[in-house]
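Asks: I would like to see how this sequence folds:
(one chain, ligands or ions: 2)
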Amino acid sequence: MNKTENQMLVIFGASGDLTARKLIPAIFNLYKGKHLPKNFVVLGISRSNLSDEDFRQRVVYDSQYLKDELNGANDAFVKGFADMLYYEDLGDNYDTDYSGLRARIEKLSSAHGTGSNMIYYLSTPPNLYEIIAKNLSDQDLTREENGWKRIIVEKPFGYSLETAKELNDALHKYFEEPQIYRIDHYLGKETVQNLLVTRFANSIFEPLWNRNYIHHVEITNAESVGVEKRGGYYDKSGALRDMFQNHLLQIVSLVVMEPPIGPNAEEIRNEKVKALKSIRIMRDEETLYKNTIRGQYLAADVNGEQVKGYREEDGVDPESTTETYAAIKFFVDNWRWADVPFYVRTAKRMPTKVTEVVIHFKTPHHQIFKDAGFANKDNKLIIRVQPDEGMLMKFGVKVPGQGFKVERANLDFYYSSLTDTHVMTAYERLLLDAMQGDATLYARADEVEAAWEFVDPILDYWANGKEVRTYGYSAGMWGPQNADDLIEGLYMWRNPGKNLADDPGFCVIN
Ligand SMILES: NC(=O)C1=CN([C@@H]2O[C@H](COP(=O)(O)OP(=O)(O)OC[C@H]3O[C@@H](n4cnc5c(N)ncnc54)[C@H](OP(=O)(O)O)[C@@H]3O)[C@@H](O)[C@H]2O)C=CC1
Ligand SMILES: O=C1O[C@H](COP(=O)(O)O)[C@@H](O)[C@H](O)[C@H]1O
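Replies: Numbers count the residues shown, from 1 in each chain. Ligands and ions are numbered 1, 2, ... in the order given. The predicted model follows:
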């Protein structure tokens with residue numbers, strides 16, 4: 001196991017939603033699990049005028065996100081955690097002289113013995129990332145003289161290929177690539193990491209993991225919520241930038257990649273980049289028209305509750321055409337995947353929250369039991385990322401009795417049955433990895449750029465193409481009606497239920 005050295009975590013944007021909702025609970029769980037080093041402090045930074053005590057009150061004692069964790073916890077234990085948190089007010093502007101900040105860091109470091117190992121977590125609006133990096137560098141706070149310096153950068157990582165490159169170039173002025181940790185919280189999910197283990201720690205799946213046996217790959221990411229309080233951000237982003245460019249293409253890269261030489265960060269990330277680069281980029285309007293669908297949710301009654309349409313959400317332009325649903329069909333141009341279609345969709349206001357990868361295997365070449373009930377029903381491997389995390393294999397079994405009636409059966413595995421030990425949340429996992437200097441689950445510059453290379457022409461077509469439509473779909477439904485037209489032949493999207501074993505039952509029309 002890697003060692004967690006003494007260090008200080010500095011969070012820029014500490015008065016924000018992400019800090020309270022994800023970062024502090026993750027650090028609390030690391031504290032509870034005794035994963036933090038002996039000498040450790042968190043220094044929160046933003047423009048709000050808060051004292052150390054105000055900050056502790058806000059993100060620990062009064063926090064709705066720690067309520068469950070604190071319930072019944074020993075007061076001294078909670079105080080021990082809260083006392084690790086400090087706050088520094090930067091005044092009105094992140095673009096200021098950081099000499100005061102440097103003095104505060106030095107004072108805290110000598111009082112707590114955290115040494116010179118530093119993580120800077122950027123949880124501010126992205127337009128501040130470069131300014132913060134520069135100001136840290138101006139104060140020599142990035143120099144790895146006595147200890148390491150790492151910077152964690154939140155999404156969105158750019159708005160397009162060009163802006164992602166600009167951001168990479170900007171950060172590279174002040175930090176070397178191995179110091180930069182670009183967070184993609186989907187990579188912190190156990191089930192996403194399990195894709196690697198499923199493929200490369202077993203001998204039964206990998207021989208089938210190619211164009212000879214796989215008919216198509218389907219990935220669904222559905223959320224039942226709408227844009228919530230992030231309408232202003234989302235309206236400029238849309239589903240393709242918000243989810244597809246990062247989280248979904250990361251999952252695609254793990255499904256597509258070749259076996260890495262070994263498990264270290266560079267070996268795995270080299271293969272992921274190759275995978276992303278082999279996705280065929282769609283450039284002409286006809287291809288883009290045929291292979292991409294965008295939609296936007298409309299007001300509806302969902303389970304007795306009247307839900308707003310996207311255009312009625314706070315912060316959203318009432319005439320917005322931003323997509324809350326994106327479905328893309330694409331191919332991967334390499335030896336393993338030639339001619340295998342990939343269907344990937346992501347959306348808000350779907351009937352349920354679910355993320356899953358479905359590997360649809362081909363039907364047998366010669367179908368002996370064609371008339372026995374199982375004909376054309378493909379074998380499927382369903383890898384459930386969330387919820388009801390696990391894996392399920394669908395295959396045909398003989399129905400007891402005379403003749404050869406074939407029915408579909410399940411072989412399944414559920415994470416919930418595996419262990420009683422605490423499964424780390426994505427942010428816990430990723431923070432701990434960064435604290436230990438393991439970048440395997442962080443995106444490298446070339447990975448992010450390769451993902452944008454694929455997404456950019458789609459965004460451009462959606463913004464400027466002639467035949468582009470944003471189709472409406474009622475909140476609580478599975479997206480625009482014509483989304484099934486994307487899938488060739490007799491197949492349709494698998495519209496999964498809340499539980500892995502729920503069988504929607506219409507994967508193939510026959
Ligand atoms: N919230 C989430 O679920 C997720 C967020 N992210 C990303 O994390 C980052 C932070 O998000 P989130 O916490 O939600 O954002 P918030 O808007 O809630 O907070 C961001 C922080 O930056 C400061 N800030 C806000 N606006 C400005 C501004 N114009 N100029 C300077 N400082 C500003 C705020 O504090 P103050 O005004 O006190 O300085 C606050 O501390 C963003 O990049 C976001 O895209 C990524 C994934 C999920
Ligand atoms: O990054 C984001 O992810 C969330 C969904 O994350 P999940 O872990 O709950 O699946 C999404 O709601 C948000 O729009 C997006 O920015």
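
Asks: in contact with the residue of the stretch 101-250 of the chain at minimum distance from ligand 2, which residues?
Replies: Going by C-beta to the nearest ligand atom, ligand 2 is nearest to residue 242 of the stretch 101-250 of the chain, at 4.7 Å. Where C-beta positions appear, they are placed from N, C-alpha and C, glycine not excepted. Shown in contact with residue 242 (C-beta atoms under 8 Å, 6 or more residues apart in numbering): 156, 234.

Asks: and the pLDDT at it?
Replies: For residue 242, the pLDDT comes out at 96.

Asks: so it, which state does it fall into?
Replies: helix (DSSP: H, G, I helix; E, B strand; the rest coil).

Asks: swap in residue 495?
Replies: Per three-state DSSP, residue 495 ends up coil.

Asks: just checking, it touches residue 351?
Replies: Yes - under the criterion of C-beta atoms under 8 Å, residue 495 makes contact with residue 351 at 7.5 Å.

Asks: what sits in contact with each of those two?
Replies: Residues within reach of residue 495 and of residue 351 at once, by C-beta under 8 Å, 6+ apart, are residue 478.

Asks: quick one: low-confidence ranges for the stretch 101-250 of the chain?
Replies: For the stretch 101-250 of the chain, applying pLDDT under 70 flags no range at all.

Asks: around ligand 2, which positions in it sit nearby?
Replies: On the criterion C-beta under 6 Å from any ligand atom, ligand 2 has as its neighbours in the stretch 101-250 of the chain the residues 185, 223, 242, 243.

Asks: quick one: which two of these are the most distant?
Replies: 185 and 223 (13.9 Å; C-beta to C-beta).

Asks: dump the residue contacts of residue 210.
Replies: Counting by C-beta under 8 Å, 6+ apart, residue 210 makes contact with 336, 337.

Asks: so which strand or helix has it?
Replies: Following DSSP states H and E, there is no helix or strand that holds residue 210.

Asks: what distance do you get for it to ligand 1?
Replies: Per C-beta to the nearest ligand atom, to the nearest Å, residue 210 is found 34 Å from ligand 1.

Asks: quick one on the thing from earlier: what distance do you get for the residue of the stretch 101-250 of the chain closest to ligand 2 to residue 133?
Replies: Using C-beta to C-beta, to the nearest Å, residue 242 is found at 24 Å from residue 133.

Asks: residue 440 reaches residue 263, doesn't it?
Replies: Yes - using C-beta under 8 Å, residue 440 is in contact with residue 263, at 7.5 Å.

Asks: neighbour-wise, which of these two wins?
Replies: Neighbour count, other C-beta atoms under 10 Å: between residue 440 and residue 263, residue 440 has more, with 16 against 11.

Asks: can you tell me the closest non-neighbouring residue to that one?
Replies: Leaving aside its sequence neighbours, residue 440 sits nearest to residue 265 (C-beta to C-beta, 6 or more residues apart in numbering; 4.1 Å).

Asks: and the one you found, what does it touch?
Replies: Counting by C-beta under 8 Å, 6+ apart, residue 265 has contacts 438, 439, 440, 442.

Asks: mind checking the SS state of residue 409?
Replies: Note that with three-state DSSP, the state of residue 409 is strand.

Asks: that one - how many residues pack around it?
Replies: Residues near residue 409, counting by other C-beta under 10 Å: 13.

Asks: wait, it touches residue 398, no?
Replies: No - Residue 409 is not in contact with residue 398 according to C-beta under 8 Å; the separation is 9.7 Å.

Asks: ramachandran coordinates for residue 178?
Replies: Per-residue torsions, residue 178: phi -60, psi -10 (degrees, to the nearest 10).

Asks: that one contacts residue 442, correct?
Replies: No - with contact defined as C-beta under 8 Å, residue 178 does not reach residue 442; the gap is 10.4 Å.

Asks: and the residue of the stretch 301-450 of the chain that's closest to ligand 1?
Replies: Counting by C-beta to the nearest ligand atom, the stretch 301-450 of the chain gets nearest ligand 1 through residue 427, at 9.8 Å.

Asks: so for that residue, what's the pLDDT?
Replies: pLDDT at residue 427 comes out at 97.

Asks: residue 498 now?
Replies: 86.

Asks: pop the domain breakdown of the chain in here.
Replies: Using automatic domain parsing, the domain parsing of the chain gives 7-154, 187-425+446-486.

Asks: scan this protein for its longest helix.
Replies: Counting by DSSP state H, the longest helix found in the chain is helix 445-464.

Asks: just the CA trace of that one, in PDB.
Replies: Once non-C-alpha atoms are left out, helix 445-464 reads as follows in PDB (Å, rounded to 0.1, in the frame of the first residue of the first chain):
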ATOM      1  CA  ALA A 445      -3.500  16.100 -20.700                       C
ATOM      2  CA  ASP A 446      -3.400  14.100 -23.900                       C
ATOM      3  CA  GLU A 447      -6.500  12.000 -22.700                       C
ATOM      4  CA  VAL A 448      -8.500  15.100 -22.200                       C
ATOM      5  CA  GLU A 449      -7.500  16.500 -25.600                       C
ATOM      6  CA  ALA A 450      -8.200  13.300 -27.400                       C
ATOM      7  CA  ALA A 451     -11.700  13.300 -25.900                       C
ATOM      8  CA  TRP A 452     -12.300  16.900 -27.000                       C
ATOM      9  CA  GLU A 453     -11.100  16.000 -30.500                       C
ATOM     10  CA  PHE A 454     -14.000  13.600 -30.900                       C
ATOM     11  CA  VAL A 455     -16.500  15.900 -29.200                       C
ATOM     12  CA  ASP A 456     -15.600  19.200 -30.900                       C
ATOM     13  CA  PRO A 457     -17.100  18.500 -34.400                       C
ATOM     14  CA  ILE A 458     -20.300  17.300 -32.800                       C
ATOM     15  CA  LEU A 459     -20.600  20.500 -30.800                       C
ATOM     16  CA  ASP A 460     -19.700  22.500 -33.800                       C
ATOM     17  CA  TYR A 461     -22.400  20.700 -35.900                       C
ATOM     18  CA  TRP A 462     -25.000  21.200 -33.100                       C
ATOM     19  CA  ALA A 463     -24.200  24.900 -32.900                       C
ATOM     20  CA  ASN A 464     -24.000  25.600 -36.700                       C
END
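
Asks: after it, heading C-terminal, what element do we hit next?
Replies: Downstream of helix 445-464 (by DSSP H and E), the next one is strand 470-474.

Asks: I'd like to know which elements that next one is packed against.
Replies: Judged by 3 or more C-beta pairs under 8 Å, 6 or more residues apart in numbering; DSSP states H and E, the packing partners of strand 470-474 are strand 292-298.

Asks: roughly how far out does the strand it packs on sit from the chain middle?
Replies: 21 Å (C-alpha atoms, centre = their mean, to the nearest Å).

Asks: now list the buried members of the contacts of residue 265.
Replies: Those of the contacts of residue 265 that meet the buried threshold are 439, 440, 442, by 16 or more other C-beta atoms under 10 Å.

Asks: of those residues, which is the nearest to residue 358?
Replies: So of the buried ones among the contacts of residue 265, ranked by how close each gets to residue 358 (C-beta to C-beta), first place is residue 440, at 25.5 Å.

Asks: quick one, what contacts the closest one?
Replies: 263, 264, 265, 268, 269, 433.

Asks: just give the nearest non-adjacent residue to the last one, would you?
Replies: Here the nearest residue to residue 433 in space, its sequence neighbours aside, is residue 441; by C-beta to C-beta, 6+ apart that works out to 5.7 Å.

Asks: got the contact list for that neighbour?
Replies: With C-beta under 8 Å, 6+ apart, residue 441 has these contacts: 184, 187, 188, 193, 429, 430, 433.

Asks: and of the residues you listed, the nearest to residue 230?
Replies: Once C-beta to C-beta is applied, the member of these that ends up nearest residue 230 is residue 184, at 17.6 Å.

Asks: ok, that closest one touching residue 444?
Replies: No - counting by C-beta under 8 Å, residue 444 is not a contact partner of residue 184; they are 10.9 Å apart.
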